[in-house]
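> sequence first, then the predicted structure:
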Amino acid sequence: MKIAISYPPLESPKGIPLLSQNRQFQWFNKPTFIYPVIPALAATLLKQEGYDVFWDDAIASRMAYENWKIRLIEQKPDIVAIETKTPVVKRHWSIINELKEFLPRTIFALMGDHITALPDESLQHSRADYCLKSGDYDFSLLSLANHLSKGTALCGGWHFRAPGSLIASSGPQNLQENDLNSLPHIDRELTGWRLYAFENGNFKYTPGTYTMAGRDCWWGKCTFCSWTTLFPGGKFRVIKPERLLDDIELNLITLGIKEVFDDTGCFPAGKWLLKFCDGLVERGLNKKIAFSCNMRFGVLKQEHYDAMAKANFRFVLYGIESANQETIERLNKKIDIAAVREELEMAKKANRKYKGMISPHITTMIGYPWESYKEAKSTIDFTRELFDCGLIDSLQATVVTPYPGTSFFNEVKKNGWLLTEDWDRYDMRELVIKSDITSEQSSELTRAIYKSFMTPGFILRKLFSIRSINDLRYMWMAAVRVIGHLADFKTTVNTDR
Ligand code: SF4
């Protein structure tokens, strides 16, 4: 049986799509290609179990749609698994409908956060055969392949077309039954790791790659977060620190990888983190790679930052989402904005003490239905101050978008704040919820956040910090990406419908 794990080309004047692990879909003028870790684990697991796997990321390999279509038809896969997100789900329906004409016996399976929220919608609106209501694509695709080829029972989580055009389900999936430690290390050659090793704004050192120690976030309660649909809070699973260390030592170093970004929604903290940092140092891996991760404010103490600095942690991404405490509370983010500066000081102190390079990055959003223009602007002032004091080194700004399956989506729908359920428009090029600020203002404020780092103090510090050609190259690439993001948020009206 041949299984294709496919990302079909999605051609658009808006740019290159970033879906998969990107919790919020965006079109990028300057593309970033994120290694899709769970689909790569699915490919590896299927191959290990004897299936013929075709890794088919036509977005990262920049294929034209017609060429990709011809190639896939020639491959004649038995199953095509496609990961989708809200703003492109309708495009995937059209692609599946078209391909079914050429590959009538092929099973098309859709997965992703949107599908988990609304599994039956895609069965009703397209010729997709199976839709997965789960984030464990690896365990689930193996179960589907076994079911179709060997007649074994199908695991929970699958919705499919039953005889008589009715929609049936294999029941709920219990994520806790899927042991992450039982999975193989990713076969990076099979899954084209080089496609994702260079064009990525998160990497200072290339080639870089991604890992995921856990699924997905030990907090898992932010009301807007699309991955809480895939991995609801309170059910966090994590591999042993030794397993991640083994993967780095045995596989990633051998490939010549210089930077690893662990894309667990929030990297494990506490004793797990200390053990992992010690392991990096004991195995000498801190001399060979830089390590980056997502983190939450309010959980790390000075001893953790010290350990991270010694272990060569570099890029640490924190979501603040807004500088207004009331908004943070409403989002169930549960961080104390007044304590953010103090925590960032800890990271910088660890850098000074251990010649570390922890480089804090924050993410924010603009366009909350309850925030005024003045309140939204206070987030810009806050980020500007953090840049000015040298407490953060980079940031990301996005437009608030409610994704189906999140409690934020339910809240805006219940309150009558939703402007449209045309999913094509959920791509951050406009506000799809009622807000005090207009779509034009949200784009203007988002651009202002990207410009906020241009403080004289920050620019001078960066110039004085240049030590190598690598630093210069990274700064140049960062500037190009900022210009790209300014262009991403230039157009406020969707022209691609
Ligand atoms: S902390 Fe981050 S990954 Fe975790 S639920 Fe909140 S937004 Fe999602």
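That came in fine, so what should we check first? Numbering: from 1, shown residues only.
> neighbours around the spatially closest residue to Ile253 that is not a sequence neighbour, how many?
Among residues not flanking Ile253 along the chain, Lys288 sits closest, at 5.6 Å (Cβ to Cβ, 6 or more residues apart in numbering). C-beta here means a position set from N, CA and C on the backbone, and glycine is covered the same way. By other Cβ atoms under 10 Å, the residues close to Lys288 number 16.
> the one 10 residues further on now?
Neighbour count for Gly298, taken as other Cβ under 10 Å: 15.
> show me the contacts for it.
Applying Cβ atoms under 8 Å, 6 or more residues apart in numbering, we find Gly298 in contact with 334-336, 339, 343.
> which among these end up buried?
With neighbours counted by 16 or more other Cβ atoms under 10 Å, the contacts of Gly298 contain buried members at 335, 343.
> by pLDDT, give me the weakest of the contacts of Gly298.
Minimum pLDDT for the contacts of Gly298 is recorded at Lys334 (93).
> and that residue, how far from Ile16?
Distance, Lys334 to Ile16, by Cβ to Cβ, to the nearest Å: 34 Å.
> what do you get for Ala117?
Distance from Ala117 to Ile16, by Cβ to Cβ: 25 Å.
> give me every residue that touches the residue in the stretch 351-497 of the chain that the ligand sits nearest to.
Distance from the ligand to each residue of the stretch 351-497 of the chain (Cβ to the nearest ligand atom) is smallest for Thr363, at 8.5 Å. For Thr363, the contacting residues are 317-321, 395-398, by Cβ under 8 Å, 6+ apart.
> please flag which of the residues you listed sit within strands.
Counting by DSSP state E, the contacts of Thr363 place 317-321, 395-398 in strands.
> show me where the stretch 101-250 of the chain has its helices.
Assigned by DSSP state H, counting those that start in this stretch, the helices in the stretch 101-250 of the chain fall at 113-117, 119-125, 137-150, 227-230, 241-246.
> near the ligand, which residues of the chain?
Within the chain, the residues that sit near the ligand (Cβ under 6 Å from any ligand atom) are 217, 219-222, 225, 227-228, 265-266, 296, 319.
> of these - the most surrounded one?
Cys225 (28 neighbours).
> can you read off the pLDDT for it?
Looking at Cys225, the pLDDT reads 95.
> I'd say it and Gly405 touch.
No. Cys225 lies out of contact with Gly405 (Cβ atoms under 8 Å); the separation is 10.1 Å.
> which single residue in the stretch 1-150 of the chain comes nearest to the ligand?
For the stretch 1-150 of the chain, Cβ to the nearest ligand atom, closest residue to the ligand: Arg23, 6.6 Å.
> that residue - how many residues pack around it?
Arg23 has 23 neighbours, counted by other Cβ under 10 Å.
> in stretch 414-426, what's buried?
So for stretch 414-426, counting by 16+ other Cβ under 10 Å, buried means 418, 423-426.
> secondary structure added to these, as TSV?
Below are the buried residues of stretch 414-426 laid out as TSV (DSSP: H, G, I helix; E, B strand; the rest coil):
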residue	secondary structure
Leu418	strand
Trp423	helix
Asp424	helix
Arg425	helix
Tyr426	coil
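> report the two of those separated the most.
Distance extremes for the buried residues of stretch 414-426: the farthest pair is Leu418 and Asp424 at 14.7 Å, using Cβ to Cβ.
> which helix or which strand is home to Ala347?
Using DSSP states H and E, Ala347 sits in helix 340-354.
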